[in-house]
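Asker: take a look and give me a structure for this.
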Amino acid sequence: MLGQDDLPPPYHRCGARLLGLLKRPVQVVVTGLAGSGKSRLIEMMVARPEIGQAKSVPVFELTYGETEQALIERADGSVSSTAGLLKYCRIPEDAVRARQELPDPRLIQQEFVEIGLFGTDEEKRSALGAAVARADLVIWCSQEFGEEEQHLWSLVPDQMKDHSVLALTMAEQQLMRGILQSTIDRLEPIVADEFLGLFPVATIQGITARTSAEVRDEALWSSSGGKSLEELVSRQIRQGRTADIDQARIFMDRLLTKLPQPALAANAAGVASPVTPLTKCQAVDAAVSAASSDKHSLVVQSQAIDLLQRNAIRMLDALEGSEEPDTDMVLDGCKEAINSVTDLLGSADGGDPVTDSLQENLKEGEEMLMLFQLERGEDAALDAVTLVLQIRKELTEKMSN
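Answerer: Prediction:
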């Protein structure tokens, strides 16, 4: 249904955007200064040490493809393709982008993009801007994250920092020199403010753990630091996908009420597995079936679900109804929704585990909304609406358990 051309405006625009989000692989951008171990880290993450580049190019993409092939784009826009691995291709001096396609199902949901920071300060800032604009998740590779790197990273928007990690590459070398722990101690306060986390990674050890035998050496993989990094990347991808699906679900819910019945039937006939909208009645039914001795808490929780959904719909309508939406109004509306639910849950009797858990989520949500309001803009407004949807989803799941 999202791809139908006959959707009424502005739903056709929103539907196309959501469909693109659901189809697009998550972009994991690996960046850092020259010699920081970016290529090795990607090789470790996909367990393919043979994909290393023969020559550095500004942008290297590792993506899914039906066959193993390499594509090279030159400065004049021309693109050449060669069967096999990029490592064995002759890369021209004016190459601006190289793409390695592999028939690896792990790359269907996520792509790795390496963007190096080379040249003058201005060129590095420009490359970093391109990396941030493309990324869903950033992995900054470094051996020490010194002053130059810290200055470059300070230019990154706070929203992106919330989806970024610092990989301390070649950690085994620092361990051998006895300086790894002191490096970690120095960086920890910086990382606490600037990244999701710090991950010391012994990339060579990680590659060995994943490729030296048919079965992965779990102990070696864990001690290399690769396992922890892999788990965080997977978790961030799942969370991102959940947010996209939530937006699609609420969009479908609204669209089902907007389409004429004949058009709805025609659209539904072409959908093998239509998205079932989460309506107020379903939310209440889930609440009634949930095991709980506090009926008043159930009623309050159901009202909270309804309030969150109605406000999310209203805010999405505001974003979609204008070419230049009032994003400040949307952010204020999301904040008002969170505050209203907080007040509502305060009327419930204490001691209910679902209510207590949701109140903790709401506190975290209030803090995130403060950050979105500082950032402002359409992206921040969309993130705020997604946050409201996510809190509603978590409450619904907890009531159903």
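
Asker: look up phi and psi at the closest residue to residue 201 other than its chain neighbours.
Answerer: Sequence neighbours aside, residue 225 is the residue nearest to residue 201 in space, at 4.1 Å (criterion: CB to CB, 6 or more residues apart in numbering). All C-beta atoms are positioned from the backbone trio N, CA, C, and that covers glycine. Main-chain torsions, residue 225, degrees, to the nearest 10: phi 90, psi -10.

Asker: now do residue 224
Answerer: phi -70, psi -20.

Asker: just the pLDDT at it, thanks.
Answerer: On the pLDDT scale, residue 224 is placed at 95.

Asker: right, and it touches residue 201 too?
Answerer: Yes - Residue 224 is in contact with residue 201 according to CB atoms under 8 Å; the separation is 6.6 Å.

Asker: between these two, which contacts overlap?
Answerer: residue 44 (CB atoms under 8 Å, 6 or more residues apart in numbering).

Asker: returning to that earlier point: please tell me how far the residue nearest to residue 201 sits from residue 202.
Answerer: Per CB to CB, to the nearest Å, residue 225 is found 6 Å from residue 202.

Asker: checking the residue nearest the centre of the chain next. Helix, strand or coil?
Answerer: The centroid of the chain falls nearest to residue 240 when counting by CA atoms, centre = their mean (4.0 Å). Secondary structure, DSSP: H, G, I helix; E, B strand; the rest coil: residue 240 is helix.

Asker: just checking, it touches residue 28?
Answerer: No - if you go by CB under 8 Å, residue 240 and residue 28 don't touch, sitting 10.5 Å apart.

Asker: overlap in contacts, the two.
Answerer: 136-137.

Asker: moving C-terminal of the helix or strand of the chain with the lowest mean pLDDT, what's the next helix or strand?
Answerer: Within the chain, no helix or strand scores below helix 280-289, which has a mean of 38 by mean pLDDT, DSSP states H and E. Next helix or strand after helix 280-289 toward the C-terminus (DSSP states H and E): helix 295-320.

Asker: can you measure across stretch 204-220, start residue to end residue?
Answerer: One end of stretch 204-220 sits 11 Å from the other (CA to CA, to the nearest Å).

Asker: picking up where we left off before, which neighbours do residue 225 and residue 202 share?
Answerer: residue 171.

Asker: which residues touch the residue nearest to the centre of the chain?
Answerer: The contact partners of residue 240, by CB under 8 Å, 6+ apart, come to 26, 136-137.

Asker: tell me how far it lies from residue 163.
Answerer: Applying CB to CB to residue 240 and residue 163 gives a distance of 8 Å.

Asker: quickly list what's touching both of these two.
Answerer: 136-137.

Asker: now the stretch 101-250 of the chain, which segments are flagged as low pLDDT?
Answerer: 243-250 (pLDDT under 70).

Asker: how near is the residue nearest to residue 201 to residue 83?
Answerer: In terms of CB to CB, residue 225 sits 35 Å off from residue 83.

Asker: next: residue 174.
Answerer: Distance from residue 174 to residue 83, by CB to CB: 40 Å.

Asker: of those two, give the one with the bigger neighbour count.
Answerer: Legend: neighbour count by other CB atoms under 10 Å for residue 174 and residue 83, higher for residue 174 (20 against 9).

Asker: circling back to that earlier point, could you identify which of the contacts of residue 240 has the most neighbours?
Answerer: residue 137 (20 neighbours).
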